[in-house]
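Student: Compute the structure for the input listed below.
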Amino acid sequence: MGTRLRRRSSSSSVFSALEEPEEEDGGELQWPFGRLDTLTRDELKETAYELFFTCFRSSSGGRPRDGSDAGTKASSPGRGGLTPATSRVKDALGLRAKPSVPVRTTVSTSASGSLFATLPQSAKGKPRPMTSAEILRTQMGFTEQTDGRLRKILMRFLVGQVAKQVETIILPLELLRHLRPVEFGDPPEYHRWQHRQLKVLEAGLLLHSSVSTDRLHPAGLRLREIVSASEFKPIDTSKHSEAMRALCNCAMSLAWRHQSVAPVEVCHWADGFPLNVHLYLCLFRSIFDLKEPTIVLEELDELLELIKKTWTTLGINKMIHDVCFTWILFEQYIVTGLVESDLMDATLAMLDEVAINAKQLDREPSYMKVLMPTMTSLKLWAEKQLLNYHECFDKDVTMMDSVLCLAVSATKIVREETSSIGSVGMIVKHDIREGRNLLLKNCVDQYIRTSVKSAFTKVYDHGKFDNMVVEVDEDPNDTMINLAKATESIAFVEKAKYSPLLKRWHPIPRAIAAVTLHSCFGAVLRQYMYKFSCLTKELANLLKIAGNLEKLLIQMVTEEAAESEEDGKEILHEITAYGVDSLLFKLTKHWVDDRFGMARQCINSAKESENWNPVSKSEPYAESAVNIMNITKVTVDEFFEIQVEPKDTEVAKSLADGLDTIFKDYILFVASCGSKESYIPALPPLTRCNQDSRVSQLWKKAAAPCSAGVVAIDPSSFPIPRTAHELGDAHRHTASRSTQRLYVRLNTLNHILHYMDDKSSSCKIQIEGARSSIHAAILHVAEVASYRLIFLDSAHFFYDSLYMGSVIGARVNPALRALSHNIAHLSVVLKEPARAKMLREVLRASLEAFLMVVLAGGSGRAFSRADFEMVAEDLASLKRLFAQACAEDAVAEAAAAAEGVVALMAMPTEKLVEEFSIAACEASGLGRSLERVPMPPTTGRWHRSDPNTMLRILCHRDDDSANRFLRRTFQLPKRK
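Tutor: From the prediction side, this is the model:
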């Protein structure tokens with residue numbers, strides 16, 4: 001395997017992941033168990049060994065057992081102790097044994113020097129087989145002096161507590177209580193040791209606790225203070241020390257806390273993730289031979305039994321143990337340079353156990369914290385190799401099958417866990433039946449496509465194809481020919497070397513690779529052909545070679561596709577041919593694009609200089625429209641004159657799409673004329689029409705008895721703009737220059753619509769998108785033009801003067817005369833169908849202005865019930881005017897809402913108040929409860945049943961009842 005996948009094999013490499021996750025570079029493995037910022041790898045290893053020592057000695061009761069109190073002897077009774085016992089676990093995992101390995105021996109020493117101080121005197125000083133515990137200590141790099149010190153401490157805090165279980169011991173706390181500074185070589189050594197124990201307490205009880213803790217927990221805050229203080233000098237750990245008492249209280253409070261009311265039998269100080277996994281892996285790494293890191297010790301069974309004694313303290317169970325064992329085997333495979341296939345096989349065997357465990361329904365959250373990151377890390381590593389297997393397995397393809405198994409297995413566990421669908425299964429190495437499931441097929445499909453693309457890209461980059469057009473040393477066509485030959489070589493290698501192996505994992509691997517190569521070369525070929533505007537002899541030769549390559553690749557696809565009907569049909573659909581005809585038409589398309597560029601340039605010029613003046617009286621549309629139409633007409637005519645057969649429907653579609661885009665762009669430009677909302681006056685604030693208002697006073701001053709109850713007053717009393725008669729424009733239209741330019745926009749859109757209809761019928765170029773856009777644009781421009789005409793150009797006839805001061809003195813007749821001239825003018829200027837849409841929009845704008853006068857006319861307008869007949873008569877006159885230009889049904893439908901609003905003016909005030917109150921309450925969700933009437937929101941959609949519309953009728957009613965209701969209910973201010 002390539003050297004870039006290998007890592008330097010050393011002890012520092014093994015533990016480097018403990019400090020920080022590995023960067024994803026090359027073949028390196030991403031560390032899945034998080035960071036421990038407060039503890040170094042050496043401190044973790046020391047803590048792990050102290051924990052192991054305590055758990056083992058506590059479980060054995062501290063008593064010797066026939067010279068084997070420190071663990072089961074590593075020799076086999078049946079073999080006279082000369083060789084290590086055969087490991088059942090290694091046999092099950094398929095791990096090879098180390099040849100001719102003599103049994104490990106040691107010499108028993110003094111009583112204070114070892115775990116074996118209790119051996120009989122006859123045994124001391126003689127070589128004897130090392131016990132498993134001694135092997136583990138040696139593997140972890142600790143001396144007998146460390147054992148002696150730990151043994152003394154253990155004896156101290158277990159005196160008189162024979163029944164005390166290790167699960168109830170807070171080890172760092174006990175070590176601090178029973179180990180004195182005098183037992184260390186120098187004060188700095190003791191200080192470092194003490195600070196480590198305190199940092200372990202902080203990590204286990206606070207930073208990585210298995211039981212959630214409030215950040216402001218008093219015991220936690222006090223513990224942090226103690227740890228911080230110990231950074232600069234050791235704390236006093238004597239029996240009567242205040243600091244020690246405080247430390248004990250904090251540690252006990254945090255370690256024995258629990259979330260339920262049931263009694264807790266295990267203290268929690270080292271079982272939180274990821275601290276527990278870090279400590280457990282420190283012990284686990286002792287199973288590998290120090291001299292030959294690829295070899296697992298023959299004493300594996302005994303070592304595992306000893307390591308399992310830490311389960312209760314670390315919160316480890318069989319399921320977590322299996323995940324950690326899987327990880328440690330694979331990690332060793334990586335750090336030793338990917339040279340020992342037995343470690344990979346053992347990893348896959350352990351993955352079987354992990355998959356079985358993952359099916360269990362009683363999985364704990366702590367298990368999922370370990371499982372998911374581990375499986376994700378394995379998946380990422382394996383996928384990195386497989387996504388570039390042409391390079392990673394170029395020299396050695398034998399391990400590719402195992403890596404495939406690892407990737408698919410880990411991926412399946414991860415995906416099924418995250419989706420929580422079904423039970424987690426396992427794809428084993430030689431399981432062909434499971435090899436055809438959808439997940440496996442999708443994974444391998446991705447590996448093939450990505451790796452083949454990488455191999456093609458490497459050849460492409462090596463040939464410097466990005467600069468092939470400007471190279472002088474080599475002809476560009478020769479460069480493309482060499483790329484075609486290299487692509488063919490990749491296809492042969494894939495077929496002979498990788499496809500037979502991948503066939504067990506995917507039904508059509510050769511077809512997938514061939515389709516990918518076909519797509520890659522086709523992309524380069526199309527890019528290359530795009531740079532030429534004419535066909536040459538050299539270019540034809542290149543197209544012939546490209547055609548032969550295409551036949552070869554398609555043959556690879558069809559041969560394998562025939563073996564799998566369903567997958568074969570699917571893969572065949574991915575092939576996009578790059579024949580000579582299609583490339584010839586690509587040149588035609590390039591020509592079409594040039595013409596489209598000219599059209600876009602014309603549009604850009606129009607955006608800068610168009611003034612929206614008509615070309616002439618007979619051509620009442622913009623000059624830019626004439627230019628656009630000419631360019632598109634010439635383009636379409638010349639396209640259908642090109643003598644290339646058969647006609648390429650794809651190029652024709654491209655032409656239609658381009659025309660559609662050009663028309664849409666120009667239509668959008670023509671329709672960019674603002675919005676109708678910019679011309680509608682802002683609604684004045686709601687006020688009540690009280691009897692003391694200026695309007696009422698003037699009415700009373702000028703009123704004379706009449707049947708309607710209203711008399712005309714002098715309009716000069718109000719700041720009303722001059723009437724149309726005074727301006728001298730009563731007998732002509734009121735459309736301003738800007739409004740007339742909007743008419744030109746309408747005619748321009750109308751002209752484009754007629755042109756598109758004609759061209760589509762003669763040339764069969766379908767541009768339905770632009771056609772629908774132009775209808776919407778005509779409606780928008782007509783709407784803006786009509787609202788500008790009514791609310792701005794004709795404002796002095798409508799909103800500024802209608803019913804201002806009184807109804808009888810400011811009727812609608814002047815507005816009708818101006819409307820009549822405007823309708824006549826636009827009927828002459830505009831062409832169908834824009835004329836009809838414009839008339840309908842003028843009708844809607846006029847009705848909107850009429851309602852704005854009645855409902856939002858400001859303080860200069862007030863109405864009584866007696867005004868209803870005149871207002872209704874004016875509305876009817878407005879309808880009759882438009883009935884002459886529009887269909888009666890359309891006029892009646894548009895005026896229905898206005899008639900309903902005007903009808904409210906005839907209602908008695910008490911009835912109107914009642915209906916308003918009910919409508920307002922129902923609209924706000926209060927039902928018919930009239931205890932408190934809410935203020936209805938302003939919707940702007942005037943309607944008889946709209947509570948805001950009713951409120952505005954009341955605000956404009958000159959009536960004592962309405963005035964009192966508005967003052968009492970909404971505290972509306974008086975008019976000034």
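Student: How about the contacts made by the residue nearest to the spatial centre of the chain?
Tutor: In the chain, the C-alpha nearest the mean C-alpha coordinate belongs to residue 418, at 16.3 Å (CA atoms, centre = their mean). Residue 418 is in contact with residue 372, counting by CB atoms under 8 Å, 6 or more residues apart in numbering. (Glycine included, C-beta is placed from N, CA and C.)
Student: so it is in which element?
Tutor: Per DSSP states H and E, residue 418 falls inside helix 400-419.
Student: how distant is that helix from the center of its chain?
Tutor: 24 Å (CA atoms, centre = their mean, to the nearest Å).
Student: With only the CA atoms kept, save it in CSV.
Tutor: Extracted in CSV, the C-alpha atoms of helix 400-419 (Å, rounded to 0.1, in the frame of the first residue of the first chain):
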residue,chain,number,x,y,z
MET,A,400,-9.1,-3.5,-0.6
ASP,A,401,-11.7,-6.2,0.2
SER,A,402,-11.2,-5.8,4.0
VAL,A,403,-11.3,-2.0,3.7
LEU,A,404,-14.6,-2.3,1.8
CYS,A,405,-16.0,-4.5,4.5
LEU,A,406,-15.0,-2.1,7.1
ALA,A,407,-16.5,0.9,5.3
VAL,A,408,-19.8,-0.8,4.5
SER,A,409,-20.1,-2.3,8.0
ALA,A,410,-19.4,1.0,9.8
THR,A,411,-21.6,2.9,7.4
LYS,A,412,-24.5,0.6,7.9
ILE,A,413,-24.3,0.9,11.7
VAL,A,414,-24.1,4.7,11.5
ARG,A,415,-26.9,5.2,9.1
GLU,A,416,-29.3,2.8,10.8
GLU,A,417,-28.6,4.3,14.2
THR,A,418,-29.1,7.9,13.0
SER,A,419,-32.3,7.0,11.0
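Student: hmm, who's touching stretch 216-231?
Tutor: With contact meaning CB under 8 Å, 6+ apart, stretch 216-231 is reached by 194-195, 198-199, 201-202, 205-206, 213-214, 235, 243, 246-247, 249-251, 253-254.
Student: Please disregard the earlier target; I meant stretch 599-608.
Tutor: With contact meaning CB under 8 Å, 6+ apart, stretch 599-608 is reached by 622, 624, 627, 628, 631, 632, 635, 662, 665, 666, 669.
Student: how about 6 Å then?
Tutor: For stretch 599-608, the external contacting residues (CB atoms under 6 Å, 6 or more residues apart in numbering) are 624, 627, 628, 631, 662, 665, 666, 669.
Student: So the fifth one: helix, strand or coil?
Tutor: For residue 662, the assignment made with DSSP: H, G, I helix; E, B strand; the rest coil gives helix.
Student: That one: what's it in contact with?
Tutor: With CB under 6 Å, 6+ apart, residue 662 has these contacts: residue 599.
Student: can you do 7 Å?
Tutor: By CB atoms under 7 Å, 6 or more residues apart in numbering, the contact list for residue 662 reads 596, 599, 600, 632.
Student: what about the first one, how many neighbours?
Tutor: Looking back up the chat, that one is residue 596. 20 (other CB atoms under 10 Å).
Student: Strands of this protein, residue ranges please.
Tutor: Assigned by DSSP state E, the chain shows strands spanning 105-107, 127-129.
Student: Select from those strands the stretch with the lowest mean pLDDT.
Tutor: Set side by side, the strands of the chain differ in mean pLDDT, and strand 105-107 is lowest with a mean of 63.
Student: Show the model's pLDDT score for residue 851.
Tutor: 94.
Student: Does residue 88 touch residue 301 like I think?
Tutor: Yes - Residue 88 lies in contact with residue 301 (CB atoms under 7 Å); the separation is 5.8 Å.
Student: ok, the two, which is more surrounded?
Tutor: The residue with more neighbours, out of residue 88 and residue 301, is residue 301; 19 against 10, by other CB under 10 Å.
Student: picking that back up, out of the contacts of stretch 599-608, what pair is the most spread apart?
Tutor: Maximum pairwise distance in the contacts of stretch 599-608, criterion CB to CB, is 15.1 Å, between 631 and 669.
Student: could you measure residue 494 against residue 324, distance?
Tutor: Relative to residue 324, residue 494 is positioned 38 Å away (CB to CB, to the nearest Å).
Student: got it, and residue 633?
Tutor: The gap separating residue 633 from residue 324 is 76 Å, by CB to CB.
Student: ok, the two, which is more surrounded?
Tutor: Counting neighbours by other CB under 10 Å for residue 633 and for residue 324 shows that residue 324 has the greater number, 22 against 14.
Student: Just list the residues touching the more buried one, thanks.
Tutor: Each residue near residue 324 by CB under 7 Å, 6+ apart is listed here: 277, 280, 281, 284.
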